[in-house]
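Q: Next comes the sequence, and after it the predicted model I'd like to discuss.
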Amino acid sequence: IPQTWEDPSLMSPQGNGGDNDPLDVMEIGEGPLKMGSINPCKVLGSLELIDEGETDHKIICIVLSDPDANRINSMGDLDAVKPGTTARLINWLKRYKTSDGKPENSLAQDVPTSVEEALDIIEETHQRWRRLCGHGGGSDGNAFVSEQAGDFWLGTPSCRGVE
């Protein structure tokens, strides 16, 4: 999954802007992955979390080395091979911040997107990241980038350096 950025100025149909950070990826394989590791994965779909009024897409994937990766190609396959996984993901996403005293989150919809829709989200947010970092867009390279982004991402080596 390439570099991405959820633009606060890009409003969802529900009127929520992006959360001003990269997409979150949730890997649903059998075992833990090493912290900070980079692992080839297969995108299965996504869920659109509404977190304190911001859109926070969760890309659902399975690492290619997982024993079930050859049988799971979509969110439908995921529930066929691992029944109840989607329902548990939704439940966790709605409630994971309540232990901090925050209210439950909501989802734009309780049905995950298709693989194709998730890939479109990845591509769109990657293009937003490219514009943010001056790798595409208008004459200054930053056309259509929210002023809310400020210099938060612009100072990172991966932003101005090689993709």
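A: Received it, and whenever you're ready, just let me know what you need.

Q: For stretch 8-23, measure first residue to last.
A: 13 Å (CA to CA, to the nearest Å).

Q: Please apply the same query to stretch 100-114.
A: By CA to CA, one end of stretch 100-114 lies 32 Å from the other end.

Q: Quick check: buried residues in that stretch?
A: For stretch 100-114, burial by neighbour count (16 or more other CB atoms under 10 Å) applies to 105, 107, 108, 112, 113, 114. Backbone N, C-alpha and C define where each C-beta goes, glycine included.

Q: Now the terminal residues of stretch 72-86, how far apart.
A: Start-to-end, stretch 72-86 (CA to CA) is 13 Å.

Q: Give me the buried positions along it.
A: 72, 74, 75, 77, 78, 82, 85, 86.

Q: One more: stretch 30-46?
A: Buried, per 16+ other CB under 10 Å, within stretch 30-46: 41, 42, 43, 44, 45, 46.

Q: pretty sure residue 25 contacts residue 4?
A: No: using CB atoms under 8 Å, residue 25 makes no contact with residue 4, being 9.5 Å away.

Q: between the two, who's got more neighbours?
A: residue 4 (23 against 17; other CB atoms under 10 Å).
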